[in-house]
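*Asks:* Let me see the structure of the following:
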Amino acid sequence: MIRAMAVTVSNRASAGVYADKSGPVLVEMLEDLGCQVDGPVVVPDGEPVAGVLRDAVEGGYDVVVTSGGTGLTPTDQTPEMTRRVIEREIPGIAEAIRLEGREAVPAAILSRGLAGVAGRTLIVNLPGSTGGVRDGMTVLGRVLRHAVDQIAGGDH
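*Replies:* Just a heads-up that it's a prediction; the model follows:
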């Protein structure tokens, strides 16, 4: 079974200004893929993102999926924090996620989310909207098992 962590990146949700909406969708979709899921862990953007990602890698998670912090505002720092943690980028996943929703939501291409590997953990950034999570998980669901198997040393 794939061990997954769902992380919501939101300054306002982490401060209790409003409830996290994307995290529960992320958890549900990961569970639908057969994952054992922890979270959603809700953190503010910036250094706490790098911290939770490092902790997840050290904790041996197979996959960590984040929701939020991938936009263009000055406080959106999730890709930068992710880049500090990953060792190898997987640009095809991030590109496919951006393209998945572009017909319905042209602004989907503005997401700066990354995907990559740290140790034996796949890390994928998704947009913070529930629709962005659904589109991103649709893409990730197509390759998740194969990616996790490859990262663990499985054959092609």
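*Asks:* got a list of contacts for the longest helix along the chain?
*Replies:* Of all the elements of type helix in the chain, the one with the most residues (DSSP state H) is helix 130-151. Residues outside helix 130-151 that contact it (Cβ atoms under 8 Å, 6 or more residues apart in numbering): 2, 21-22, 25-26, 29-30, 33, 35, 62-63, 65, 67, 90, 93, 96-97, 100-101, 104-105, 108, 111, 113, 117, 120-122, 124, 126-127, 156. Just so you know, the C-beta spots here come from the backbone N, C-alpha and C atoms, and that holds for glycine as well.
*Asks:* quick one, helices of this structure?
*Replies:* If DSSP H is used as the criterion, the helices of the chain fall at 11-14, 22-32, 47-58, 78-85, 91-100, 130-151.
*Asks:* and the longest helix of the chain with helix 91-100, angle?
*Replies:* Taking axes from the mean of the first three to the mean of the last three Cα atoms, to 10 degrees, one finds helix 130-151 and helix 91-100 inclined to each other by 160 degrees.
*Asks:* Okay, and the beta partners of residue 123?
*Replies:* With beta bridges defined as DSSP bridges, residue 123 has these partners: residue 64, residue 116.
*Asks:* List the contacts of it.
*Replies:* Taking Cβ under 8 Å, 6+ apart as the criterion, residue 123 is in contact with 53, 56-57, 63-66, 82, 85-86, 114-117.
*Asks:* rerun at 10 Å
*Replies:* 5, 7, 53, 56-57, 61, 63-66, 82, 85-86, 89-90, 114-117 (Cβ atoms under 10 Å, 6 or more residues apart in numbering).
*Asks:* likewise residue 154?
*Replies:* 145, 146, 147, 148.
*Asks:* Among the residues you listed, name the buried ones.
*Replies:* Restricting those to buried positions leaves 147, 148, with burial counted as 16 or more other Cβ atoms under 10 Å.
*Asks:* Would you mind giving the contacts of residue 154 as a markdown table with distance to residue 43 and pLDDT added?
*Replies:* Listed next are these as a markdown table, based on distance: Cβ to Cβ, whole Å; pLDDT from 0 to 100:
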| residue | distance to residue 43 | pLDDT |
| --- | --- | --- |
| 145 | 27 | 97 |
| 146 | 29 | 97 |
| 147 | 24 | 98 |
| 148 | 23 | 98 |
